[in-house]
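Trainee: just a sequence and a predicted model for now, questions to come.
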Amino acid sequence: MSWLERLRSGLSKTRAQINETAGFMGNDVKDVFNNRLDTIEDLEYALIAADVGRAATEEILEDVRRSEGKNMQQALMDALTLQLEPNASRAEFRKLGFAPQASRVSVQPNGHVIMVIGVNGVGKTTTIAKLGQYYMGRGNSVMFAAGDTFRAAAGAQLGEWGDRLGVPVVQGTDGGDPAAVAYDAATARAARGTDLLFVDTAGRLHNKHNLMEELKKVRRVIEKADPGEPAEVWLVLDAVTGQNGLQQAKKFHESTPLTGVIVTKLDGTAKGGILIPIVRELGVPIKFIGVGESAGDLQPFDSQEFVRALFDVEVPKQ
Ligand SMILES: Nc1nc2c(ncn2[C@@H]2O[C@H](COP(=O)(O)OP(=O)(O)OP(=O)(O)O)[C@@H](O)[C@H]2O)c(=O)[nH]1
Ligand SMILES: [Mg+2]
């Protein structure tokens, strides 16, 4: 399967939700939007049900209503794509009334060390493995740091991925100091001249305050070991947790400012619309999306491709 096919099948639940609700008078969104503006309330309901959020839904409906003369499905797709733009450019494009040309953000890290954070079970460790494979495939040398020393066997999990992918893993000891692992790994990365170091972190400690303090400390020791790093702090967010996950993301962002978000498990949710409030409320770009459990199931986020996959529309050859 191509990545687009994988994304499409991954998004089938979200798509079914939108089609079923918006299209109860016809067979799918296309029918609804060809000429039936009186069903705009159904669309409103479908967008809310897909976790798009109130504010974005209102803008989308406004854009669709305003786009007289345009094919209605195209108008809806353009409106959704716009909602995945960063806040400043979204406002600008909406004023001008057209969609952006470039829809994919740069995913090449702005330096060498990438901290990967997020609550337990969202997919941090798996995503690090996927990132390792992705960047190695683009010619980068990669290292991992097993900075989750809290959960038993977390280090072993990353170690296994490292073996499978041929990526060196800096390990600590279970129950040991994660900052020490991060310090050793950042120092080793600089000494070896490895292109990218991904630092895994704990998703759960005895309490939330401890977790936030620990992440700050990990960040500080990386800075000390290698000034200017970590270049990136990427938050992993599980799409299945929807609005709840977004609230958690805000807390992380307050304590350890994020430079990117990776949304996982889009293959198992009807809430694909959650990407929109993530972009709007965090003001941080989505870098990648996860659509499965294997190392290849990670894609750089492209808003136009995402919206097309949502509607199961063929991508025109460019
Ligand atoms: N379906 C699906 N499953 C995923 C995806 N990403 C991760 N998973 C699964 O989610 C589960 C948890 O993944 P982990 O990588 O261990 O999550 P974590 O955030 O490191 O968890 P903790 O270390 O406990 O904090 C595993 O079973 C993964 O295979 C995805 O994109 N799609
Ligand atoms: Mg983990």
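Mentor: Right, received. Where do you want to start? Ligands and ions are numbered 1, 2, ... in the order given.

Trainee: what sits against Thr241?
Mentor: 122, 248 (CB atoms under 8 Å, 6 or more residues apart in numbering). In this view, the C-beta of every residue, glycine as well, is placed from N, C-alpha and C.

Trainee: what separates it from Gly111, distance-wise?
Mentor: Distance of Thr241 to Gly111, given as CB to CB, to the nearest Å: 29 Å.

Trainee: now do Ser12
Mentor: Distance from Ser12 to Gly111, by CB to CB: 37 Å.

Trainee: same question, Val199
Mentor: 13 Å.

Trainee: and for the two, which residues touch both?
Mentor: Pro230.

Trainee: which one of those two has more residues nearby?
Mentor: Val199 (29 against 14; other CB atoms under 10 Å).

Trainee: could you say which helix or strand holds the more buried one?
Mentor: strand 196-201 (DSSP states H and E).

Trainee: what lines up beside that strand in the sheet?
Mentor: strand 113-117 (parallel), strand 142-147 (parallel) (DSSP bridges).

Trainee: among those strands, which comes closest to Gln304?
Mentor: Between Gln304 and the strands paired with strand 196-201, the shortest gap by CB to CB is with strand 113-117, which sits at 25.5 Å.

Trainee: and the contacts of the strand holding Val199?
Mentor: Counting by CB under 8 Å, 6+ apart, 109, 112-117, 124-125, 128, 131-132, 135, 140-148, 154, 158, 178, 182, 185-186, 189, 214-215, 218, 222, 230 sit against strand 196-201.

Trainee: before we move on, what about stretch 209-216?
Mentor: So stretch 209-216 is contacted by 115, 117, 178-179, 201-205, 251-252, 255-256 (CB under 8 Å, 6+ apart).

Trainee: Arg151 should be in a helix, yeah?
Mentor: No: counting by DSSP: H, G, I helix; E, B strand; the rest coil, Arg151 falls outside a helix, being coil.

Trainee: just the pLDDT for the nearest residue to it once chain neighbours are set aside.
Mentor: Distances taken as CB to CB, 6 or more residues apart in numbering place Ala202 nearest to Arg151, at 6.5 Å, with adjacent residues excluded. Per-residue pLDDT puts Ala202 at 91.

Trainee: same check, this time on the one 4 residues further on
Mentor: Note on His206: pLDDT of 68.

Trainee: what parts of this protein come near ligand 1?
Mentor: Residues of the chain lying close to ligand 1 (CB under 6 Å from any ligand atom) are 118, 120-126, 148, 151, 154, 203, 264-265, 267-268, 290-293, 297.
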